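Undergrad: all I have is the shape, not the residue letters:
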């Protein structure tokens with residue numbers, strides 16, 4: 001089945017759903033940008049006070065918290081944990097860069 005043979009009502013529903021997905025993706029990007037603004041400030045504060053870039057205890061707490069949130073939201077907790085681990089790794093990389101430049 002090609003796009004030209006799809007029922008117009010199905011095509012309209014696909015467009016509606018994809019528009020929603022696009023809006024959600026935009027919101028996710030903006031939320032991540034805000035999150036990274038905050039973590040950059042944390043990185044500068046840590047560097048200023050000679051604190052280590054990583055905080056394994058905090059990271060473990062956040063992973064547990066996010067897994068619970070994911071479960072409550074009916075999202076796969078393992079997926080949520082992978083996503084947070086990816087974000088945490090990027091934050092730590094930023095913090096290490098900030099510490100080196102201080």
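TA: On my side now, so go ahead. For clarity, every value in this text was computed on a predicted model and none was experimentally measured.
Undergrad: with adjacent residues omitted, what lies nearest to residue 97?
TA: residue 43 (8.0 Å; C-beta to C-beta, 6 or more residues apart in numbering). In short, each C-beta sits where N, CA and C put it, glycine included.
Undergrad: now that neighbour: how far from residue 33?
TA: Applying C-beta to C-beta, to the nearest Å, the value for residue 43 to residue 33 is 15 Å.
Undergrad: tell me the mean pLDDT for whichever strand or helix holds residue 30?
TA: Remark: residue 30 resides in helix 8-48, with elements defined by DSSP states H and E. If you average the pLDDT over helix 8-48, you get 98.
Undergrad: can you mark which positions in the helix or strand following that helix are buried?
TA: Counting by DSSP H and E, the next helix or strand C-terminal to helix 8-48 is helix 56-72. Residues 59, 62, 63, 66, 67, 70 are the ones in helix 56-72 that count as buried (16 or more other C-beta atoms under 10 Å).
Undergrad: follow-up on the earlier one: more neighbours, residue 43 and residue 33?
TA: residue 43 (23 against 9; other C-beta atoms under 10 Å).
Undergrad: for the residue nearest to residue 97, what are its contacts?
TA: Shown in contact with residue 43 (C-beta atoms under 8 Å, 6 or more residues apart in numbering): 53, 91, 94, 95, 97, 98, 99.
Undergrad: on the pLDDT front, check the fourth one for me.
TA: Per-residue confidence at residue 95 stands at 97 (pLDDT).
Undergrad: what's the local residue count around it?
TA: 23.
Undergrad: in which helix or strand would I find it?
TA: With DSSP H and E as the criterion, residue 95 is inside helix 77-101.
Undergrad: how far off centre is that helix?
TA: Chain-centre distance of helix 77-101: 10 Å, with C-alpha atoms, centre = their mean, to the nearest Å.
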